[in-house]
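1. Can you look at this prediction? I've put the sequence above it.
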Amino acid sequence: MIRIEDLTFSIGNFRMNKANLHVAEGEYFVLLGQPGSGKSILLECLCGLNKPEAGKIYIAGKDVTNAEPRKRNIGYVPQDYALFPHLSVERNIAFGLHGQRLSLDETAAKVEKNASMLGIKHLLKRRVRGLSGGEKQKTALARALAIEPRVLLLDEPVSALDENTRDKVCMELRELQTTLGITTIHVSHNLEEAFSVADRGAILRNGTFEQIGTLDELLYRPRNSFSAQFMRCGNLFSGYSKGPGPKHNTTYVDVRGFKFVVPGTHNKHIEFIIRPENIRLDKLDASDAKNTNTQIPVKLVRVVNRGTYIRIDCSGPAPVVVHMLHDSFNKLGVSEGDKLLATIQTKTIHILSP
Amino acid sequence: MKQDTTNCANENTGRATQKFKTGASLSLALFIASAFFGVVANIAEWTMLTNVFVFVMWSSLPCYFVFVILYISSNINGWPGRSFSAITFLPLVLFIFLAFFLIITDAMYIDKAAVIKVLTSHFIRDALQLSIVTSVTTVVIALIFAIPMGYALSRYRFPGHLFADTIVDLPIVFPPLVAGLTLLVFFSETGMGRWIQEDLGLEFVFQPRGIVLCQFIVSASFAIRSTKSAFDDIDRRLENVALTLGCSPWGSFFRVSLPMASGGIMAGAILTWARAFGIFGPLMILVGSFRGKTEVLSTTIFLEQSVGNLEVALAVALLLIFVAMIALGTIRMVGGKALARL
């Protein structure tokens, strides 16, 4: 549905060089990246607000690289929504219908349909100024959807909302997208938000796609250390191969003097990650001597309650970060300063590509 | 118990605040009324009554300021805060006092004969009419330039932007007299000026057209500056969204940028008009002051005082101030909140 081929453009110090991306029809795609990575500029490029230097943009199979923004049939919700403050909610939503030469009744019907779909019908006569963040977001969405776009581009659509509203709005966005089947690109820097809405995503850094794939791929199989760190994987190690491991198709890897058992056969320097939720912590005496997995004796340094889970920082030959549910943590019955054994299953180790 | 005391104290403060507010309003009303009647009594040559009104007027003004200072500091706890608010208020007091003092001095100087002359002279009526027609024409022309110029200066960055931006402000700091002199030299001494005047037949020197030109030169900057800052305040993203919603750049300008900038544009128009209405120096040089042809109110004042008619000059000056105040007041009321920041 949306295809970007070798897109090159630069604005100020920012430069995007030969970027390629394909978003399938009806897909909910999330563009992840730190502030300043070029997510918003890429969206503006898709809208036709920035002119690319080279490359092509196709929407629904049509080359729109040089088309005017109004000819692209795109629903665009910019950051902070950019509602027109001099117009009422109703006239904001009707704004894009102006050029479609509809009768007054038809316009009113369309506005009402979109407003009720988003549950803001009671706000139609209100001015934009007094609306809450969530109401503004929905007005902006209704305004973008009123022109019946083929593609919806959302630039940080929920980042201005408080956490409760954000969760709710994310779910609603997902439902709406499923109902309408509209191809959507959603820009975000928040992982929870990305997981609650999207199927697939891309990580952008300084105008380069670090990785494009399903969100599970991004989370569990990051391609490089940047993706891993962006997906908040605290356990990133690098070391040298020390010959074949205890089982077939495994290798010993020396990380600062400690031996890890990693999957696959390697003979040089490698980087690998272990998701914090895939590390098991036990008391030191409960160890299983015959275990062929990696076992690291560690000391519990810090326990941070993150609300839904507990983050445990451990020091040792290889410092690890572990995420545990409250229940399991309480069962373990340990506190800061205790000595523990961290067990890492070989199959949960993911090797980053060199 | 403690709660009760606090409530009681608040209530007392509230009542005191209300008293100060009423006091301030009353003394202001008294001041305006006595000033008005004092001027009327003076023109009617009732000396005794005039003195009474003048006394009431000058004594009600300090009362007003004392009440206002008490009112604004009654919500503030502690002397440091109160004295701070009083000191910030003080320059305002002095400024208003000065402005009123000047206007009332004018008003007290004029006599019955001067007022009758101003109200009945058809030359002065013509001058007023010409003043209004030329200044309004100037505003219209200034806006025709200012709106696209302000937009271009606000939205586009180009080599020489700083230069262009500075040139726009130049007429503000340019002495008006120099503008008139320059225009006169341009039209009489340069080839291009003579070509415009003689071959093209567009005469400016000693013509009402010249009044508009002078007014435009010295006042258009205000409209341009104000329009530019109005466009600066509009988020570019609003225009971008309009473009994705089916607008052409023209559509986005007329449906989003222009309505949103209207407050600032109106403010610029008022400043331009006020400047154009009162300008006098360049007119004396470029168009002179011919009774019934190129005489406007500001040049009437000069002419009258130069032949020793000080009373008439001041009466015309009051007329000018009166028209200007009515115009500004009306535009503010019609313009509403957008102009409140002016």
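-> Structure received. Numbering: from 1, shown residues only, chains lettered A, B, ... in the order given.

2. count of residues packed around the residue of chain A found nearest chain B?
-> Closest approach between chain A and chain B, counting by CB to the nearest CB: A:G96, at 3.5 Å. For glycine as for every other residue, the C-beta is placed from the backbone atoms N, C-alpha and C. Residues lying near A:G96 (other CB atoms under 10 Å in any protein chain shown) number 24.

3. you'd agree it is up against A:A146?
-> Yes. The pair A:G96 / A:A146 is scored as a contact, 5.5 Å apart, by CB atoms under 8 Å.

4. got the contact list for A:F272?
-> Applying CB atoms under 8 Å, 6 or more residues apart in numbering or on different chains to A:F272 gives the contacts A:236-238, A:253, A:260, A:262, A:349-352.

5. What parts of chain A come near chain B?
-> Proximity of chain A to chain B (CB under 8 Å from any CB of the partner chain) is limited to residues A:44, A:47-49, A:68-70, A:72, A:74-76, A:78-80, A:82, A:84-86, A:95-96, A:98-100, A:143-144, A:147.

6. Any chance of a ChimeraX selection covering the buried ones in those?
-> Listed next is the ChimeraX selection for buried residues among these, using 16 or more other CB atoms under 10 Å in any protein chain shown:
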select /A:44,47,48,49,69,70,72,74,75,76,78,79,80,82,84,86,95,96,98,143,144,147
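
7. Excluding residues flanking it in the chain, which one is nearest B:K228?
-> Nearest in space to B:K228, with sequence neighbours left out and distances taken as CB to CB, 6 or more residues apart in numbering or on different chains, is B:G150 at 4.0 Å.

8. which strands and helices sit next to the host helix or strand of the one you found?
-> If you go by DSSP states H and E, B:G150 is part of helix B:122-155. Contacts defined by 3 or more CB pairs under 8 Å, 6 or more residues apart in numbering or on different chains; DSSP states H and E place helix B:122-155 against helix B:161-173, helix B:208-232, helix B:258-278, helix B:297-306, helix B:310-335.

9. would you list the ones you listed in a markdown table and tack on mean pLDDT and mean neighbour count?
-> As requested, the helices and strands packed on helix B:122-155 are arranged in a markdown table below (pLDDT from 0 to 100; neighbours: other CB atoms under 10 Å in any protein chain shown):
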| stretch | mean pLDDT | mean neighbour count |
| --- | --- | --- |
| helix B:161-173 | 89 | 12 |
| helix B:208-232 | 92 | 23 |
| helix B:258-278 | 89 | 22 |
| helix B:297-306 | 87 | 20 |
| helix B:310-335 | 81 | 17 |
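
10. Surely A:L341 and A:V298 touch.
-> Yes. A:L341 is within contact range of A:V298, at 7.3 Å (criterion: CB under 8 Å).

11. Now do whichever residue of the stretch 151-300 of chain B sits closest to chain A against A:R91, distance only.
-> Using CB to the nearest CB, B:L245 is the residue of the stretch 151-300 of chain B that sits closest to chain A, at 3.5 Å. Separation of B:L245 from A:R91 (CB to CB, to the nearest Å): 12 Å.

12. and the angle for the helix or strand harbouring B:M108 with helix B:310-335?
-> Using DSSP H and E, B:M108 maps to helix B:79-109. Per axes from the mean of the first three to the mean of the last three CA atoms, to 10 degrees, the angle that helix B:79-109 makes with helix B:310-335 is 130 degrees.

13. Could you list the buried residues of whichever helix or strand comes after helix B:79-109?
-> Remark: after helix B:79-109, the chain's next helix or strand is helix B:112-120, criterion DSSP H and E. Residues of helix B:112-120 classed as buried by neighbour count (16+ other CB under 10 Å): B:114-115, B:117-118.

14. export helix B:112-120 as CSV, just CAs?
-> Once non-C-alpha atoms are left out, helix B:112-120 reads as follows in CSV (Å, rounded to 0.1, in the frame of the first residue of the first chain):
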residue,chain,number,x,y,z
LYS,B,112,-16.1,80.1,22.6
ALA,B,113,-15.0,81.9,19.5
ALA,B,114,-12.5,79.2,18.6
VAL,B,115,-15.0,76.4,19.1
ILE,B,116,-17.5,78.1,17.0
LYS,B,117,-15.0,78.7,14.3
VAL,B,118,-14.0,75.0,14.3
LEU,B,119,-17.6,73.8,14.2
THR,B,120,-18.7,76.2,11.5
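
15. How about residues contacting that helix?
-> Taking CB under 8 Å, 6+ apart as the rule, helix B:112-120 contacts B:43-45, B:124, B:309, B:311-312, B:314-316, B:319.

16. Spatially, which two of those are the most separated?
-> B:E45 and B:I124 (21.7 Å; CB to CB).

17. Name the residue in the two with the higher neighbour count.
-> Ranked by neighbour count (other CB under 10 Å), B:E45 and B:I124 place B:I124 first, with 21 against 10.

18. so what's that one closest to, chain neighbours aside?
-> Per CB to CB, 6+ apart, closest to B:I124 is B:V118, 5.6 Å.

19. Can you give me the pLDDT of the one you found?
-> Looking at B:V118, its pLDDT stands at 83.

20. Output the below-cut-off pLDDT ranges for chain B.
-> For chain B, the stretches flagged by pLDDT under 70 are B:1-14, B:334-342.

21. An error on my part: the question was meant for the stretch 51-200 of chain A.
-> Residue ranges of the stretch 51-200 of chain A with pLDDT under 70: none are present.

22. In it, what residue spans correspond to strands?
-> A:54-59, A:62-63, A:74-77, A:151-155, A:183-188, A:200-205 (DSSP state E, counting those that start in this stretch).

23. could those be laid out in a markdown table, adding distance to A:F272?
-> Shown next, in a markdown table, are those (distance: least, CB to CB, whole Å):
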| stretch | distance to A:F272 |
| --- | --- |
| strand A:54-59 | 35 |
| strand A:62-63 | 42 |
| strand A:74-77 | 39 |
| strand A:151-155 | 35 |
| strand A:183-188 | 27 |
| strand A:200-205 | 18 |
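
24. which stretch among those strands comes nearest A:G307?
-> A:G307 lies closest to strand A:183-188 among these, at 19.9 Å (CB to CB).

25. And the buried residues of helix B:112-120, which two are furthest apart?
-> B:V115 and B:K117 (7.2 Å).

26. B:M108 against B:N42, yeah?
-> Yes. Using CB under 8 Å, B:M108 makes contact with B:N42 at a distance of 5.5 Å.

27. When those two are compared, which one has more neighbours?
-> Counting neighbours by other CB under 10 Å for B:M108 and for B:N42 shows that B:N42 has the greater number, 22 against 16.

28. any idea how far the helix holding B:M108 is from the chain center?
-> Distance of helix B:79-109 from its chain centroid, counting by CA atoms, centre = their mean, to the nearest Å, is 19 Å.

29. other SSEs contacting that helix?
-> helix B:2-43, helix B:47-73, helix B:310-335.

30. how does it look with 6 Å?
-> Judged by 3 or more CB pairs under 6 Å, 6 or more residues apart in numbering or on different chains; DSSP states H and E, helix B:79-109 is in contact with helix B:47-73, helix B:310-335.

31. Pull out the CA atoms of stretch B:124-134 and give them to me as PDB.
-> Provided in PDB are the C-alpha atoms of stretch B:124-134 (Å, rounded to 0.1, in the frame of the first residue of the first chain):
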ATOM      1  CA  ILE B 124     -11.800  72.800   8.700                       C
ATOM      2  CA  ARG B 125     -14.700  70.500   7.800                       C
ATOM      3  CA  ASP B 126     -12.900  69.800   4.400                       C
ATOM      4  CA  ALA B 127      -9.700  69.200   6.200                       C
ATOM      5  CA  LEU B 128     -11.300  66.700   8.500                       C
ATOM      6  CA  GLN B 129     -12.900  65.000   5.600                       C
ATOM      7  CA  LEU B 130      -9.600  64.900   3.700                       C
ATOM      8  CA  SER B 131      -7.800  63.600   6.800                       C
ATOM      9  CA  ILE B 132     -10.300  60.700   7.100                       C
ATOM     10  CA  VAL B 133     -10.400  59.800   3.400                       C
ATOM     11  CA  THR B 134      -6.600  59.900   3.000                       C
END
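
32. Many thanks, have a good one.
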